[in-house]
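Trainee: Test case, fold it:
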Amino acid sequence: MENITFSNPITTIAIIFVTFVCIAYFIPLYNSINQNKKGIKISFFVAFWAAIMFYLSTSNAIDVLGQFRPALVLVSWIIPSFIAILKKDWFSEHKFSQKWLVGLQMFRVVGGVFILEIFTGRVPAIFAYPAGLGDLFVGISAMVGLYIYRKNNNLPNRLVKFILWIGIIDLLSALFFGVTTGNNPAQLFFSEAPSKLLDFPTSMIPLFLVPIALLFHTLSWLNLNKNK
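Mentor: Predicted coordinates:
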């Protein structure tokens, strides 16, 4: 395991905790629509996928891609949402409460650890500040929305759309700065130390946690369309 680099202990603990939350989250999500077995199946496959990303993050396997490692990130972002759209009648057979779907976005606050990693020298500030603050804003916005409508069975569409749009903008910003600060042909910004973003533990955010957040964005959009 060569791609484990020193990070703030809070970073490691927070990322591992949120990873397990995301794996288990599908069980109560599908239980809310009386499809507990489906939730368990999805959680199993998500856990398997997390294990693969953990292996890639902690071994030198990912280094085979060299300067094209960001391509792996992009593929990992696309695949879960693509499958959900392709199999939308299976993933979203019944309508979910948006409280469950937006609820997962609360855990976007874990992106705040990027700011901590500025001080360990693992993540350049030009990436960490927009990505970290953006994730905190999305996560806190989801928390506030859920609190305001805590007595409702669902969330108003305008709030859901607001969370989705700021979430997508934040992810696009993180993608731009992640690519342009990394050691790859598209690098535009340079720092004193090379970015260690794709080393464990921070690698689990772009390789696993972000794709899960995008998947829940997709499920939210699919559920919004059920209202039409």
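Trainee: Helices along this protein, start to end?
Mentor: Listed in chain order, the helices of the chain (DSSP state H) span 9-31, 36-58, 69-86, 88-91, 98-105, 113-116, 125-148, 157-181, 204, 210-226.
Trainee: Quick one: list the elements packing against the fifth one.
Mentor: Other elements packing on helix 98-105 under the criterion 3 or more Cβ pairs under 8 Å, 6 or more residues apart in numbering; DSSP states H and E are helix 9-31, helix 125-148, helix 157-181, helix 210-226. Just so you know, the C-beta spots here come from the backbone N, C-alpha and C atoms, and that holds for glycine as well.
Trainee: Indicate which one of those helices is closest to residue 43.
Mentor: Among the helices and strands packed on helix 98-105, helix 9-31 comes nearest to residue 43, with 4.6 Å by Cβ to Cβ.
Trainee: Show me what the mean pLDDT comes to for the closest one.
Mentor: The pLDDT scores in helix 9-31 average 96.
Trainee: Show me which residues of that helix are buried.
Mentor: In terms of neighbour count (16 or more other Cβ atoms under 10 Å), helix 9-31 has its buried residues at 11-12, 14-15, 18-19, 22-23, 25-27, 29-30.
Trainee: With distance to residue 194 added, can I get the helices of the chain in TSV?
Mentor: Below are those laid out as TSV (distance: least, Cβ to Cβ, whole Å):
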stretch	distance to residue 194
helix 9-31	18
helix 36-58	16
helix 69-86	12
helix 88-91	38
helix 98-105	31
helix 113-116	16
helix 125-148	12
helix 157-181	9
helix 204	19
helix 210-226	21
